[in-house]
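K.L.:
Give me coordinates for this.
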Amino acid sequence: MSLNMRSVMPFKILLSAVAVMALAACKDEVAKTPEPVRPVKVVTVAKGADTRPITYSGSIKPRIEQTLSFRVSGKITERLVNIGDRVTPGQLLARLDSTDLALSWRTSDANVEAARSRRDVAVDAYDRNKALFDKGFIAKSALDQHALELDQAKAAYDAAVFSRDQALNQKNYSDLTAEVAGIVTDVRSDLGQVVSAGTPVIVVAPLADREVAISVPEQDIRFFHSGSTVTTHYWADPTLAQTGTVREISGSADPQSRTFAVRISIPEDSRVRLGQTATVTIDVPVGDASLVVPLTALDQRNTSTVVWVADSTTMTVHPHSVVIDGMSADGVRVASGIAAGDRVVVAGTQFLDDGKRVTLLADPVKTADLN
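P.N.:
Numbers count the residues shown, from 1 in each chain. A predicted model of the protein is given here:
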């Protein structure tokens, strides 16, 4: 080995030693760097009201719909209203060809005149024979025969009158009139159609007694009771809100939708029209243990759903496993795992570990209420 190589070796060793010392110093400096304190946003969990609102969509329906039909058979010759028309009591809606009915009435009227003549003749005959009987010119049996004929003539006259009145009613039944003030919602028979008595022709929905019809799933039907109050809103007029009353609850669920039909009476208001969309809101009880936290407060760690609770004394956070009890308008209902007064983290949960130091943001603290 030459002299130059011998002089270079100690210098390399010295440089290596210096590098090792510098690296060790850097590691010590990194190890001594304090862990950063994470800022987090929290809300204070508080127990709210004992009820929460649930909402269902429905539509405005009449309490009853009158399906009007003729009381006699015939051919429809006139239809004077259309769907959507307003009608008043007694207004003519449709008419049948009454030619045969008029002829029948005239025949009955002629029969009345004939029966009246026979009655009058029987009265005169009885009066004459009564006078003869009083003078002793005829036997009692002869007078009794005339009395029988008089009674028969009177009965025939009464029958003819009743028949004429019936024929007149039949003639009048050829006119179909409205019974109440309402709106025509359907026309089921039209011009030229030959209908029998009782065939549906026109459907009228009365203006009064309007209701909201909704369908309630079986898990919520227990909250509805006859006479209980609800709040109704209308998509067509967001400023209109009414207090309705549950009038009718179906006794069984619909076999296809598995929902119960509920009818809700509402106050009469000209702004509410048949067929409009309505929403019904009812307050239902909530379990005492349920609290509500924002959805952002939930975190998934391993297989557990946790909520990070901040300890304001030590300024650290700790995970609490929670049991979810469904959704609410303001977040998620929690059945267990936290208590009223806990401060839960709602922002920054992805950076947290058990016991990690945090600083609470100075934003106003919101309260998670029960809804």
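
K.L.:
Now do the buried residues in the host helix or strand of residue 161.
P.N.:
Element membership for residue 161 (DSSP states H and E) is helix 140-172. Under the neighbour-count criterion of 16 or more other CB atoms under 10 Å, helix 140-172 has 143, 146, 149-150, 153, 156-157, 160-161, 163-164, 167-168, 170-171 buried. Where you see a C-beta, it was placed from the backbone N, CA and C, and this is true even at glycine.

K.L.:
For residue 114, see how far away the residue most central in space within the chain is.
P.N.:
The centre of the chain sits closest to residue 214, judged by CA atoms, centre = their mean, with a distance of 2.0 Å. Residue 214 is 64 Å from residue 114, where distance means CB to CB, to the nearest Å.

K.L.:
do the same with residue 43
P.N.:
97 Å.

K.L.:
For the two, indicate the residue with more neighbours.
P.N.:
residue 43 (22 against 12; other CB atoms under 10 Å).

K.L.:
partners of the strand or helix carrying that one, with directions?
P.N.:
Using DSSP H and E, residue 43 sits in strand 38-45. When pairs are called by DSSP bridges, strand 38-45 turns out to pair with strand 343-347 (antiparallel), strand 358-360 (parallel), strand 367-368 (parallel).

K.L.:
Nearest to residue 98, out of those?
P.N.:
strand 367-368 (74.1 Å; CB to CB).

K.L.:
and which of the buried residues of helix 140-172 is nearest residue 314?
P.N.:
Of these, the one sitting nearest to residue 314 (CB to CB) turns out to be residue 170, at 95.9 Å.

K.L.:
Check that closest one and give its pLDDT.
P.N.:
Residue 170 carries a pLDDT value of 92.

K.L.:
Likewise for residue 31?
P.N.:
49.

K.L.:
Can you report how many residues lie near residue 215?
P.N.:
If we define neighbours as other CB under 10 Å, then residue 215 has 17 of them.

K.L.:
My read is that it contacts residue 224, right?
P.N.:
No: with contact defined as CB atoms under 8 Å, residue 215 does not count as touching residue 224 (11.4 Å).

K.L.:
what sits in contact with each of these two?
P.N.:
Here residue 215 and residue 224 have 260, 262 as joint contacts, going by CB atoms under 8 Å, 6 or more residues apart in numbering.

K.L.:
Which residue, other than its chain neighbours, is closest to residue 74?
P.N.:
residue 96 (3.5 Å; CB to CB, 6 or more residues apart in numbering).

K.L.:
for that neighbour, what are its contacts?
P.N.:
70, 72, 74-77, 174-176, 195.

K.L.:
Show me the longest helix that occurs in the chain.
P.N.:
The longest helix of the chain (DSSP state H) is helix 99-135.

K.L.:
then the helix or strand hosting residue 231 to PDB, C-alphas only?
P.N.:
According to DSSP H and E, residue 231 maps onto strand 229-234. What follows is the C-alpha trace of strand 229-234 in PDB, where atoms were taken according to Å, rounded to 0.1, in the frame of the first residue of the first chain:
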ATOM      1  CA  THR A 229    -105.100  16.000  14.700                       C
ATOM      2  CA  VAL A 230    -102.500  16.400  11.900                       C
ATOM      3  CA  THR A 231    -101.100  19.300   9.900                       C
ATOM      4  CA  THR A 232    -101.600  19.600   6.200                       C
ATOM      5  CA  HIS A 233     -99.600  21.500   3.700                       C
ATOM      6  CA  TYR A 234    -100.100  22.000  -0.100                       C
END
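
K.L.:
List of residues touching that strand?
P.N.:
Contacts of strand 229-234 (CB under 8 Å, 6+ apart): 212, 240-246, 264, 266, 271-272, 276-282.

K.L.:
quick revisit: closest to residue 358 out of the buried residues of helix 140-172?
P.N.:
residue 170 (91.1 Å).

K.L.:
Pretty sure the closest one sits against residue 103.
P.N.:
No: Residue 170 lies out of contact with residue 103 (CB under 8 Å); the separation is 11.1 Å.

K.L.:
Using the record's assignment, carve the chain into domains.
P.N.:
By the assignment in automatic domain parsing, the chain contains the domains 38-51+289-368, 54-63+207-285, 66-95+178-206, 98-173.
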